[in-house]
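In: Got a predicted structure plus its sequence, pasted below:
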Amino acid sequence: MFQVSRFETVADIFKQLSDTTRIRIFWLLCHTEQCVINISALLDMSSPAVSHHLRALRSCDLIVSRREGKEVYYKAADNSQARLLHKTIEQVMAIACPE
């Protein structure tokens, strides 16, 4: 049987994505690299609120950042975990929200 810590890690990732805003931010960053100001404008949120969600997503290694001058740009991590979660979100949206 798998170690309990593995299930705890999975649960932590799902906790991060149990928030609608985090799913929206993660989905956006799977498609494009953005800075906090742009994410704030696209999602009609304050920069501090966006930064809070970005910290949570970074703590689970779902997104990465890079600095360019004074701006920090974020995008989805290039790992199997982020790719799988992106596919899962896309598939659930297709099933739950057919056009």
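Out: Great, that's in hand. Because the structure is a prediction, the values reported are computed rather than measured.

In: So which residues make contact with the helix of greatest length in the chain?
Out: Longest helix in the chain by number of residues (criterion: DSSP state H): helix 80-96. For helix 80-96, the surrounding residues in contact (CB atoms under 8 Å, 6 or more residues apart in numbering) are 13, 17, 23, 26-27, 30, 61-63, 76. Every C-beta, even on glycine, is put in place using the N, C-alpha and C of the backbone.

In: mind listing what the residue nearest the centre of the chain touches?
Out: Centrality entry for the chain: nearest residue to the mean C-alpha point is Phe26, 2.6 Å, by CA atoms, centre = their mean. Each residue near Phe26 by CB under 8 Å, 6+ apart is listed here: 17, 57, 62-63, 76, 85-86, 89.

In: one more time with 7 Å
Out: Contact analysis of Phe26 by CB atoms under 7 Å, 6 or more residues apart in numbering lists 17, 57, 62-63, 76.

In: State the mean pLDDT of the longest helix of the chain.
Out: Mean per-residue pLDDT for helix 80-96: 91.

In: mind saving the C-alpha coords of it as PDB?
Out: What follows is helix 80-96, C-alpha atoms only, in PDB (Å, rounded to 0.1, in the frame of the first residue of the first chain):
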ATOM      1  CA  SER A  80       3.900  16.100 -15.300                       C
ATOM      2  CA  GLN A  81       1.800  17.100 -12.300                       C
ATOM      3  CA  ALA A  82       0.900  20.500 -13.800                       C
ATOM      4  CA  ARG A  83       0.200  19.000 -17.300                       C
ATOM      5  CA  LEU A  84      -2.000  16.300 -15.800                       C
ATOM      6  CA  LEU A  85      -4.000  18.900 -13.700                       C
ATOM      7  CA  HIS A  86      -4.400  21.100 -16.800                       C
ATOM      8  CA  LYS A  87      -5.800  18.200 -18.800                       C
ATOM      9  CA  THR A  88      -8.100  17.200 -16.000                       C
ATOM     10  CA  ILE A  89      -9.500  20.800 -15.700                       C
ATOM     11  CA  GLU A  90     -10.000  20.900 -19.500                       C
ATOM     12  CA  GLN A  91     -11.800  17.600 -19.500                       C
ATOM     13  CA  VAL A  92     -14.000  18.400 -16.500                       C
ATOM     14  CA  MET A  93     -14.900  21.700 -18.200                       C
ATOM     15  CA  ALA A  94     -15.800  19.900 -21.400                       C
ATOM     16  CA  ILE A  95     -18.000  17.400 -19.500                       C
ATOM     17  CA  ALA A  96     -19.600  19.800 -17.000                       C
END
